[in-house]
Each structure stands twice: as structure tokens, then as C-alpha cells.
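*Asks:* With the sequence up front, the predicted model follows.
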Amino acid sequence: MLDLIILSLHFFICLLISIAIWRGPKDVDLHSSSTGTAETGPDGLIFIGKEEDIKKSQRITAKINGRQIVVFYHEGKFHALDSRCYHEGGPLCLGEIEDINGQACIVCPWHKFKITLETGEGLYEGINPLEPSPTPQWQSKGVKQRIHKLTIDNGNVYVSPPDLSVSFDSDYFAEKYKNGGDLAMEK
């Protein structure tokens with residue numbers, strides 16, 4: 001009888017954990033211009049949220065024409081980029097921010113790829129084998145992650161619609177998860 005009670009309790013706890021994982025962490029998922037309900041601001045900018053709210057939460061996600069972006073507030077600056085990592089589509093909104101050679105970088109929680117918040121460059125640690133005592137140094141792979149331009153006006157934060165005439169590696173996963181941004185948030 002005790003075994004049946006323990007088994008039932010275990011099943012109930014597993015069910016609660018499954019529901020919590022399925023629902024996932026809830027960021028402030030504000031507006032989606034794909035539904036036509038997003039507020040637009042000056043010059044066609046898309047409203048993301050209140051400056052103070054984003055400062056308090058340090059990060060939020062939002063959808064722009066179905067494309068999920070993440071907005072970070074880090075060390076007094078706002079940064080916006082595609083929310084899916086250019087490498088395998090990992091959820092950058094769940095990543096940690098690290099300082100690498102004076103650059104704030106988001107670390108993808110899936111494979112630890114490092115992306116600068118300011119420019120979207122992918123960074124890696126490499127060595128020059130031609131040096132007598134090669135020591136690892138941070139190198140750039142080039143801009144891999146789409147960065148979105150933010151504007152702050154009267155305490156409101158706006159993002160410019162992305163210029164899709166220029167492509168970035170992160171565009172593949174942004175498109176793949178376009179209308180299902182919460183899919184596969186964990187790996």
C-alpha cells in the first residue's frame with residue numbers, strides 16, 4: 001500500500017514538472033505586428049515595451065512580423081537581436097551574459113556559442129600555431145546574429161523592422177521558428 005502511495009505521489013510530481021517545462025519560462029512577450037495589433041511609434045518603429053519595465057526584467061522577448069527577438073538591458077545599454085542562436089537555433093533569451101575582452105556577449109545555453117550583444121559577431125577562442133608558445137585568444141567569426149536597432153522615446157522602447165535585404169546566419173532559425181517561437185526552448 002505504501003508503495004502505491006509513493007508511486008502515485010511520484011507520478012503527480014512528474015506530471016507537475018512536465019507541465020512546468022511544457023509551459024516554459026514566461027518572458028514579457030509583448031506585441032506581434034503579424035496580427036496587426038502592434039503599436040507603431042515614430043517613423044514606423046514597433047513598440048516593444050516601457051523602458052523601466054525592461055530595465056527591471058533585464059531581458060524580454062517580443063515578436064516583430066512573427067520573428068522572435070530578445071531585448072537585453074545590460075550595464076546601462078539596451079541590445080536587441082534575433083532570439084535564436086545562429087548555430088543551432090538555441091534560445092538566447094535563456095543564455096547568460098559574459099564579458100569577453102571588454103565586450104558583453106550572450107552565451108547560447110545549448111552549445112555555449114558566444115555572440116557579442118553590440119555587433120552580433122560570433123566569437124571563438126583560437127591559437128596561432130605559428131607562434132612559438134601559442135596561447136588561446138578570442139577571434140571573430142564575423143557577424144552571425146542579426147542585431148535590431150532600438151530607439152527610446154519618452155520612456156518607450158521601439159525596434160526598427162529588420163532590413164531583410166541583408167542576410168545573417170541567424171535568419172535561418174528566425175524563419176524556422178517564426179510563428180512557433182516557443183518551440184524547442186530546451187535541448
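*Replies:* Arrived safely.
*Asks:* quick check, distance from stretch 144-154 to the centre of its chain.
*Replies:* 13 Å (CA atoms, centre = their mean, to the nearest Å).
*Asks:* for the closest residue to Leu164 other than its chain neighbours, what are its contacts?
*Replies:* Leaving out its chain neighbours, the residue that sits closest to Leu164 by CB to CB, 6 or more residues apart in numbering is Asp171, at 7.6 Å. Just so you know, the C-beta spots here come from the backbone N, C-alpha and C atoms, and that holds for glycine as well. Taking CB atoms under 8 Å, 6 or more residues apart in numbering, we find Asp171 in contact with 82, 146, 164.
*Asks:* okay, and the helix or strand of this protein with the least pLDDT?
*Replies:* Every helix and strand of the chain was ranked by mean pLDDT, DSSP states H and E. The lowest is helix 2-23, at a mean of 67.
*Asks:* Now the helix or strand following it: buried residues?
*Replies:* Counting by DSSP states H and E, the next helix or strand C-terminal to helix 2-23 is strand 46-50. For strand 46-50, the neighbour count (16 or more other CB atoms under 10 Å) marks 46-49 as buried.
*Asks:* Ok, stretch 112-121 next?
*Replies:* 113-117, 119-121.
*Asks:* Check what contacts it and list those residues.
*Replies:* With contact meaning CB under 8 Å, 6+ apart, stretch 112-121 is reached by 72, 74, 77, 79, 81, 85-87, 90, 92, 97-98, 100, 103-108, 122-124, 140-147, 168, 170.
*Asks:* show me where the protein has strands.
*Replies:* Taking DSSP state E, the strands of the chain run over residues 46-50, 59-64, 67-74, 77-82, 96-100, 103-107, 114-116, 121-126, 137-143, 147-148, 150-153, 156-159.
*Asks:* how about these, which one is nearest Phe12?
*Replies:* strand 59-64 (31.1 Å; CB to CB).
*Asks:* and the closest one, what does it pack onto?
*Replies:* In terms of contacts (3 or more CB pairs under 8 Å, 6 or more residues apart in numbering; DSSP states H and E), strand 59-64 is packed against strand 46-50, strand 67-74.
*Asks:* gap between the closest residue to Ile115 other than its chain neighbours and Phe168?
*Replies:* Spatially, and ignoring its direct neighbours in sequence, Ile115 is nearest to Gln145 (4.8 Å; CB to CB, 6+ apart). Relative to Phe168, Gln145 is positioned 6 Å away (CB to CB, to the nearest Å).
*Asks:* which one of those two has more residues nearby?
*Replies:* Gln145 (28 against 19; other CB atoms under 10 Å).
*Asks:* List the residues that contact the more buried one.
*Replies:* With contact set as CB under 8 Å, 6+ apart, Gln145 has these partners: 81-82, 85-86, 92, 115, 120-122, 168-170.
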